[in-house]
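**Q** fold the following, please.
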Amino acid sequence: MSAKRYLLNPMRTAKQGVQVNVGKEGDEYIEITTTLSIHPDDMAEIGVSDGDRVLVKTEFGEAEFGCQTAKVPEGMIFVPYGPPTCQLMDGGTDGTGMPTSKGWEVEVTPVGGSKFEEKAE
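**A** Modelled structure (predicted):
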């Protein structure tokens, strides 16, 4: 399946906030920050199912995520902030001290395998 373009919106979640206080090296924090939420029709368009892995690329970097269907607008994907989203960011801040972190145009490509298979190994 070929790559498709979407609008990525990194975000904060309550679960992620709790896990930041517990520690960023824990399995639960890693699970939260490596899971991409996507509309079921978009998931079908790129040929993946819940748990399948995708490669997300920006002009600045790339990172792998596991997919999960969610009630999100078509054409948009959401991921909690974490180390993988940092790999997608530009370092420029336009004088604000904070890099632009919303509304990135990204390319999403299936990479094969399931995020759940990784855990079993």
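**Q** list the contacts for the residue nearest to L88 when sequence neighbours are not counted?
**A** Once flanking residues are discounted, L88 sits nearest to T58: 4.5 Å by CB to CB, 6 or more residues apart in numbering. Every residue, glycine included, has its C-beta placed from N, CA and C. Counting by CB atoms under 8 Å, 6 or more residues apart in numbering, T58 touches L8, L88, M89, D90, W104, E105, V106, E107.
**Q** now name the helix or strand holding the closest residue in space to the fifth one that isn't next to it in sequence.
**A** It stands for W104. Leaving aside its sequence neighbours, W104 sits nearest to L8 (CB to CB, 6+ apart; 4.6 Å). L8 belongs to strand 4-11 when assigned by DSSP states H and E.
**Q** quick one: contacts for W104?
**A** L7, L8, N9, P10, T58, L88.
**Q** next one: it from R5, what distance?
**A** Distance of W104 to R5, computed by CB to CB, to the nearest Å: 11 Å.
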